[in-house]
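1. Output the structure for:
(2 chains)
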Number of protein chains: 2
Amino acid sequence: MAGDSSDQRALQYEQTLMYGRYTQELGVYAKEEAARLRESGQRRSVSERSRALDLLEYDKGRCARCRRSGYPYVLEAPAQDFISVCTVRCQKFLISRVGEDWIFLILLGLVMALVSWVMDFCIAICLQAQKWMYGGLDSNVLLQYLAWVTYPVVLITFSAGFTQILAPQAVGSGIPEMKTILRGVVLKEYLTFKTFVAKVIGLTCALGSGMPLGKEGPFVHVASLCAALLSKFMSLFGGIYEEPSLIGIKNESRNIEMLAAACAVGVGCCFAAPIGGVLFSIEVTSTFFAVRNYWRGFFAATFSAFIFRVLAVWNRDEETITALFKTRFRLDFPFDLQELPAFAVIGIASGFGGALFVYLNRLIVQFMRKQKAINKFLMKKRLLYPALVTLLISTLTFPPGFGQFMAGKLTQSETLVTLLDNRTWAKQGIAEEFDYIGHSEAWKHPQVNVFVTLVLFIVMKFWMSALATTMPVPCGAFMPVFVIGAAFGRLVGESMAAWFPDGIHTDGTIYPIVPGGYAVVGAAALSGAVTHTVSTAVIVFELTGQISHILPVMIAVILANAVAQSLQPSLYDSIIRIKKLPYLPELGWGHHEKYNIRVEDIMVRDVRYITLNCCYRDLHNVLLTGNLKTLALVESAESMILLGSIERAQLQSLLSQQLGRPRRLEYIRERAAAEKKRLLVLSNTDNEDGNQRASHEVRFQISTEESSLTPTRPVPQKPLKPALKRTSVVERPTEIPTSPHDNSGIALKNLFCASRDTEGLEDDGDVEDDMTIREIAEWEEMQLDEQVNFNNCKIDPAPFQLVERTSLHKTHTIFSLLGLDHAYVTSIGRLIGVVSLKELRKAIEGSVTVKGVKVRPPLASFRDSGTSSSENEATELHKLWDRHRSMSLPREHTPSESDEKSQ
Amino acid sequence: MAGDSSDQRALQYEQTLMYGRYTQELGVYAKEEAARLRESGQRRSVSERSRALDLLEYDKGRCARCRRSGYPYVLEAPAQDFISVCTVRCQKFLISRVGEDWIFLILLGLVMALVSWVMDFCIAICLQAQKWMYGGLDSNVLLQYLAWVTYPVVLITFSAGFTQILAPQAVGSGIPEMKTILRGVVLKEYLTFKTFVAKVIGLTCALGSGMPLGKEGPFVHVASLCAALLSKFMSLFGGIYEEPSLIGIKNESRNIEMLAAACAVGVGCCFAAPIGGVLFSIEVTSTFFAVRNYWRGFFAATFSAFIFRVLAVWNRDEETITALFKTRFRLDFPFDLQELPAFAVIGIASGFGGALFVYLNRLIVQFMRKQKAINKFLMKKRLLYPALVTLLISTLTFPPGFGQFMAGKLTQSETLVTLLDNRTWAKQGIAEEFDYIGHSEAWKHPQVNVFVTLVLFIVMKFWMSALATTMPVPCGAFMPVFVIGAAFGRLVGESMAAWFPDGIHTDGTIYPIVPGGYAVVGAAALSGAVTHTVSTAVIVFELTGQISHILPVMIAVILANAVAQSLQPSLYDSIIRIKKLPYLPELGWGHHEKYNIRVEDIMVRDVRYITLNCCYRDLHNVLLTGNLKTLALVESAESMILLGSIERAQLQSLLSQQLGRPRRLEYIRERAAAEKKRLLVLSNTDNEDGNQRASHEVRFQISTEESSLTPTRPVPQKPLKPALKRTSVVERPTEIPTSPHDNSGIALKNLFCASRDTEGLEDDGDVEDDMTIREIAEWEEMQLDEQVNFNNCKIDPAPFQLVERTSLHKTHTIFSLLGLDHAYVTSIGRLIGVVSLKELRKAIEGSVTVKGVKVRPPLASFRDSGTSSSENEATELHKLWDRHRSMSLPREHTPSESDEKSQ
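-> Here you go, the predicted structure:
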């Protein structure tokens, strides 16, 4: 079982780390050790159970297959029994397999719809409570102010504190993390129940405070959490949803598929926008999307949106299922052709605005980080920063204060409803005729006209949103940006309405301008610009329930994207960079020079490798230098023919096994036995038999002990690492056991700690470790000179290979398609270099952005595009050819030199 | 240059084929030869020009890069000149590079919008003409009938004939072909100007006839054609749009991107549905979609849809830009929650209907094929079949005849408009109250009520559409299916309206049922079921301009897809299978046993390989047996370490070079010279000097001749084949030069034909080919025993490799992600098998469908899921290890045997 053996490896890893534990208190260590043992015991039992399940499943699968295809051996000897068993199993198979995908997606949609609805309900109550407090205290402005300000401060502080204590991973949007996870990187603790609780409660409080924060981004994370937990839960009933620790060849891709569907559900049930949800989640989280998984997203998101809206109907909020922010624009003549330039202007301005928002957001974060004094202070008082920010923002929106000029008393959704209203606020530029109904009153001010109110609203909300989204609470930026965009669109629309009071159309019929349509366009454009997506257009249609403005919206969104993408990364990519998550930048639009850079220009030529006939000393040296996760295994240093790659941890275990205490004890025993025998032979006494038996017993004991301790025994259930397995970069950080400046230390340290530490725990009564340090050092030197035996080592026999002339563009495609971490560069089977995500990132950024790390491809200037390839190739092959004939090529330590010469 | 050398290879391929030409008439042969030479000359000149362009471009690119990054060597010696040149070039670079993507997409959108609009205009005129003729002859029913029937028969016959003569590739939908092309397969003649003309004119005539045919599928093809021609056109101005013959590493992916965008444009400008167009084209043509290319599709499709609708406004057809089939359903209460079951019923029924349609369509094609008598007859009179079908269909729709019961006089779009009407036709089940306005009158019949009319319409149109789409004219099936779906929805809607005359809602307010909404749902569901897409939902919203029915539509579409996908392949996949295009079937929903099949179960273990030290005889034998496009190159038969793969054509050229006439002539010359020298030495005369000079001259002449004739000279510009280059399966079918049962024939035949054939053409005055056949045979035997020199051979040094335990699911993903044709299976660098598309297809079909080719994985029954992997691996490595020590492993002919033993 994969879980079993990874457990073993983890155990072993702990053992090699053990001598580092002396810095800890012994009590702490004992506690940890106990917890670890308990946990590993549990995990082993779980994995054993699932192994049993797996075998059962395999049987079931085979049985199902053979039943259908009707192979004769089904009806052999105990045919009757077999058939009855088979029927039961087939039934089980059908229940557990065929239905599960659907059941899973339905459950996911149901749970997420419930979560979304309950959360919305709670948020509405929170916001109502604030209004009620504010309204009840209208006798005293000071009290009113205190109530208005204290309430959000308390909620945000609670949210920040709660999240901080329970699961700091719940902070922020979650989309950047999901993007990274779907890229194949395992982020620790990002998909646990704790995080789920922290995210849901933290988000409810944060949004209940009335701050300009969004629900969408966190909801993508919540849905993914939900999917991960649900698949864990369903694994209790067997079937394909096994332990996440067993994510292997079989389930990894399935999990990714499910997470992708979950992202769609997150957006879908947040806005009741299934199509937009699917598209937005694809655009935001994926680089390459499997159309095969499309239906999953649609199915789950539709179901979720349906339940979400049905709940509203059942709760008597709505008469029937309609859009969240329904608009009532006229259908027959939604807009005039001559209004299109205005829509285009909204698009371009939104593009700049979106880029500015991303920049501002990053600037604030970087400012807080750079100012070390502030940083230090805030690190200590983590809750102070959100409290201060909330205080500032709520003070400014206080309705009797500055808030009166910016519709401060409206909540976010109320604001959006008023902005999308299909009536014109300003006719002839005079706000008097403004037909105030319901919440729209908030935009009216006796002294100031509606344009000033809108401008103030846009400017103030812009920086407020950028600031508020940097708070350490679960929050997104989509909805605030959406509202700002709507306000901007409304501003343009109202201006147009004031400019052309009778509409633009000249054919007699008067079609007045609909500022609400402009608001729709603005909302889609600005949110599209910030997130670098075009599917905000679809979200807008689903949110408003009208698609009549499709062309203006599409034009504005595309223009906004074009402007924003050429200026700044998307908000999510910006956060990924700020958080330093592992990522691969996109190739920009129209950067054709990418086609001219080749792998040979960016690869690292000095590859760390081990040869098939190397000795343990080489292994030791290789492990001490460099810190790559995997090492290349070549046939020999002369041929450099790539045979595969081995994980660092495997090599460490090989080495520690070779130098470990059990082997040394065995050596001591053998030596003692030999000594004894020699003595026996010399003295020739008659108690030969008894002695021999004792020796046998000892041997037996040793062998059992070894098999329970050494992790590199043959573990039959462990499947081979597939060629294209996504690397789990973060999951198991394999550190070097010794510090790099202590070159000969591993052996001695190993000796010291292991002997002192384990002597108390283990009961090795019959053999005493009586070797002196000097003897041990000698023994270890001897051991290090032995040849490595790779027999029981897990080798990935087909690591991904590129050719030196593969273009950067193709490399990027392959890396993102397959989620690679590194790839070896070979030339006719010979290893000549390695390219990792880092090199690729540098190469792309070096030529894409001016600010990025600039790397001049080391050989680009010497390369004569494509003229020398075939000679080069011929040379390489010639070498191989010569080698094959004579086997006398000198050992090449620097393949890069010879390569340069051959060019 | 890739083009240059592929030219060379093609030339060489012709040469090796030459002896097969004696079956042809000599005149024909001479003509062909002349044409070939002319063409290859042209192609060479083109490719030379583009090589020059390429070099220039490289300079430009380098210069642009260095300018931006400001590297010091830019300002060295001839700095001033360099800077001025650089500025000009940068300017050119900016114009040619940065703008081009946009310009291309805008041009594409513009052209397609114009084509679409003009075509719609012509179709409308054609249909009006038919109506005018029919209306003008209302005095005589027989004349009316003749007019009604003759007109479409003539148009369809013309369409079929025109297409057949100009470009038979234009027949049919085009989506299946585009799917195959986007998969990386090059289909000949599918993207030429001829095809474009044939498709556009043929489609206009076919649709103008009023048959139940669609425009969507062909439009995807037309847009792709347009994109291909446009990129050819733009290549005249230099830049990245080079000759399609040069599609190499650099442009291949770009071309694919552009074609994907073109598909979106095709759907987008056909329905004025940009979003739906993008999504539909992705679903229908792609397996994995690069989100990076998303914007291209959106940009081009939006622009195209915009222009398409603006043209309508300018033509005074519309007041402003609105949807094509605008609906006017009420916004506040679009449907009741209790109507949802009815929508679900529509979805499920549409699913069955869609599957039935696909089945019926395939059945008709297969019936026509199987009936050999009919088939033979129709093959001779190709135009008879479409004429007969048209006659049948138009007779049945003749309005005074049977057509009166099925609204026969309405055109397709008129039918759709009436079906989407928001008024109820049948109240209380009585058709009398039906408020007939405009075209809706056609549905009224004095004797029969509207339900019967609708049922008749659905049934008749169903088989008519399935039949009509089998005609050999450019046509799609989307629109007919869409209309049938709308009619079915309308039927359900009218029934509901009759059942609940006052609506279902119980809260006092009367909300009558809107049958038009049901029609929308039905249209989306049935078209979704036939094409296996969910994006028809989006197309429906964009077509009707209303999104209020989003939830019913989504539910119905998803249910319809679930049903249809479990019963039949999509219409396009069905056509792909009928046409036997190369494809890779999708993994079905929830077929989890795929995760249990591994590559080792399906791979071919008997791999054809060549070793590095093989002789030409081995090469010869390998080429005679088997017909794979590429052959594996291994280090030696003992080690089996995979070094790379070589194309079959390369090996053929190697072999023919070795046995070719030039080498033989050289041999004769050398022999003659040696003979002469021997004589000279014997006679000892004094004219030694002159003779030597002559010999030198001859040598010189030989070497030039060789370099101009032998194709395997070093071609420096040819870039290395990338590891993941899409294989062009169809492009160059490399047949075996000799028939397989004639084992020793190649050498002799080569001798015969080459000598007789080329003697007339070449002027080898100075050396006579005086060898007898016996001598030549001896010489060839000698030559065949020489070791192969791979020095100048193009080797793909990193062919794609899998491991034996890679799951089928993963293999499928990798094959479709990377568009692979085959992959080698290695175990620690050793070649143990090969998996090609064929094996993969068999394995998938074998367990997916019962009817498909069933392949029992040969080892599946013996495999104990995952228990023996590590021993196995250890054994393999151990062997390698042993080999390394002793180098004495016996040659393994059957690795499968040893594998089975080790398990």
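
2. what are the ranges of the strands in chain A?
-> Along chain A, counting by DSSP state E, strands occupy A:288-290, A:609-611, A:630-634, A:642-647, A:795-796, A:801-803, A:822-827, A:830-836.

3. partners of the first one in the sheet?
-> Paired strands of strand A:288-290, with direction, are strand B:288-290 (antiparallel) (DSSP bridges).

4. Show me what the strand it pairs with is in contact with.
-> The contact list for strand B:288-290 (CB atoms under 8 Å, 6 or more residues apart in numbering or on different chains) reads A:287-291, A:813, A:817, B:257, B:260, B:282, B:816-817. For every residue, glycine as well, the C-beta is placed using N, CA and C.

5. mean confidence for that strand?
-> Across strand B:288-290, pLDDT averages out at 78.

6. Pull out the buried residues from it.
-> If you call a residue buried by 16 or more other CB atoms under 10 Å in any protein chain shown, then strand B:288-290 has these buried ones: B:288-290.

7. Adding distance to residue A:337, write those residues out as JSON lines.
-> Shown next, in JSON lines, are these (distance: CB to CB, whole Å):
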{"residue": "B:288", "distance to residue A:337": "39"}
{"residue": "B:289", "distance to residue A:337": "33"}
{"residue": "B:290", "distance to residue A:337": "34"}
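
8. thinking again about what came up before, will you turn the strands of chain A into a markdown table that also has distance to residue B:172?
-> Below are these laid out as a markdown table (distance: least, CB to CB, whole Å):
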| stretch | distance to residue B:172 |
| --- | --- |
| strand A:288-290 | 27 |
| strand A:609-611 | 55 |
| strand A:630-634 | 50 |
| strand A:642-647 | 47 |
| strand A:795-796 | 46 |
| strand A:801-803 | 39 |
| strand A:822-827 | 41 |
| strand A:830-836 | 44 |
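
9. Contacts for stretch A:145-153, please.
-> Contacts to stretch A:145-153, defined as CB under 8 Å, 6+ apart, come from residues A:129-130, A:133-134, A:137, A:209-211, A:387, A:390-391, A:393-395, A:398-401.

10. Go through the residues you listed and flag which are in helices.
-> Assigned to helices by DSSP state H, the following of the contacts of stretch A:145-153 qualify: A:129-130, A:133-134, A:387, A:390-391, A:393-395.

11. Can you tell me which of the contacts of stretch A:145-153 are buried?
-> A:130, A:133-134, A:137, A:209-211, A:387, A:390, A:393-394, A:398-399.

12. can I see the domain layout of chain A?
-> As recorded under the TED database, the domains making up chain A are A:97-237+A:244-315, A:339-427+A:439-500+A:507-579, A:590-672+A:773-849.

13. Turn the ones you listed into a markdown table, including distance to residue B:840.
-> Putting the domains of chain A into a markdown table (distance: least, CB to CB, whole Å) gives the following:
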| stretch | distance to residue B:840 |
| --- | --- |
| domain A:97-237+A:244-315 | 15 |
| domain A:339-427+A:439-500+A:507-579 | 33 |
| domain A:590-672+A:773-849 | 17 |
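
14. Just list the residues touching the closest residue to residue A:374 other than its chain neighbours, thanks.
-> Distances taken as CB to CB, 6 or more residues apart in numbering or on different chains put residue A:368 closest to residue A:374, at 6.3 Å, once the chain neighbours are dropped. Contacts for residue A:368 (CB under 8 Å, 6+ apart) come out as A:374-375, A:378, A:385, A:470.

15. could you redo the last one with a cut-off of 7 Å?
-> Residues near residue A:368 by CB atoms under 7 Å, 6 or more residues apart in numbering or on different chains: A:374-375, A:378.

16. Is stretch A:107-119 in proximity to chain B?
-> No: applying CB under 7 Å from any CB of the partner chain, one finds stretch A:107-119 separated from chain B by no less than 11.6 Å.

17. which outside residues touch that stretch?
-> Residues contacting stretch A:107-119 (CB under 7 Å, 6+ apart): A:200, A:203-204, A:219, A:222-223, A:226-227, A:230, A:262, A:265-266, A:269-270, A:300, A:303-304, A:307-308, A:311.

18. Can you give me the buried ones in it?
-> So for stretch A:107-119, counting by 16+ other CB under 10 Å, buried means A:107-113, A:115-117, A:119.

19. Is it correct that residue A:215 is in contact with residue A:207?
-> Yes: between residue A:215 and residue A:207 there is a contact at 6.0 Å, judged by CB atoms under 7 Å.

20. Which of these two has more residues huddled nearby?
-> Set residue A:215 next to residue A:207 and count neighbours by other CB atoms under 10 Å in any protein chain shown: residue A:207 wins out with 29 against 24.

21. Please work out how many residues are found near the residue found closest to that one once you drop the neighbours it is linked to in the chain.
-> When the adjacent residues along the chain are set aside, residue A:207 lies closest to residue A:123, with 4.8 Å between them (CB to CB, 6+ apart). Close neighbours of residue A:123, defined as other CB under 10 Å, add up to 22.
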